[in-house]
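*Asks:* any chance you could fold what I've pasted below:
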Amino acid sequence: QVQLVESGGGLVQAGGSLRLSCAASGRTFRSYTGGWFRQAPGKEREFVAAIGWSGGWTNYADSVKGRFTISRDNAKSTVSLQMNNLKPEDTAVYYCAAGSAGSGSYAKWDLYNYRGQGTQVTVSS
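*Replies:* Purely as a prediction, here's the structure:
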């Protein structure tokens, strides 16, 4: 069993930065793909970024490429999302997830067995 807790959300002006962290419990975390998803009010949940269990691959949504960076530290059981040059359209609840999604299926929410409760990110214009 893996439990995930996000932190680092908040209010920031457009062009600013935030770093989201996801702390995982359970020794099996290091064997799972880590992912970040987000959901804005009135919109469907969408994929943001994913990282393989060893950090050997990463993938990003086109809307965040070049601005967001996902990383992980298996020794500390954490997955992080560095978000730079934030835009108002990045406003959403961000969810950390872990699961068996592979490099070809990383954007599928249903393949992430474990999910956090979410952290709010608000970007003002």
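*Asks:* give the contact list for Ser80.
*Replies:* Ser80 makes contact with Arg19, Leu20, Ser21, Cys22, Ile70, Ser71, Arg72, Asp73 under the criterion Cβ atoms under 8 Å, 6 or more residues apart in numbering. (Glycine included, C-beta is placed from N, CA and C.)
*Asks:* ok, the residues you listed vs Trp53, which is closest?
*Replies:* Nearest to Trp53 among those: Arg72, at 8.4 Å, using Cβ to Cβ.
*Asks:* might one say that the closest one is in contact with Gly35?
*Replies:* No. Taking contacts as Cβ atoms under 8 Å, Arg72 lies outside contact range of Gly35: 10.5 Å.
*Asks:* ranges for the strands of this protein?
*Replies:* For the chain, applying DSSP state E gives strands covering 3-7, 10-13, 18-25, 33-39, 46-51, 58-60, 68-73, 78-83, 92-99, 114-115, 119-124.
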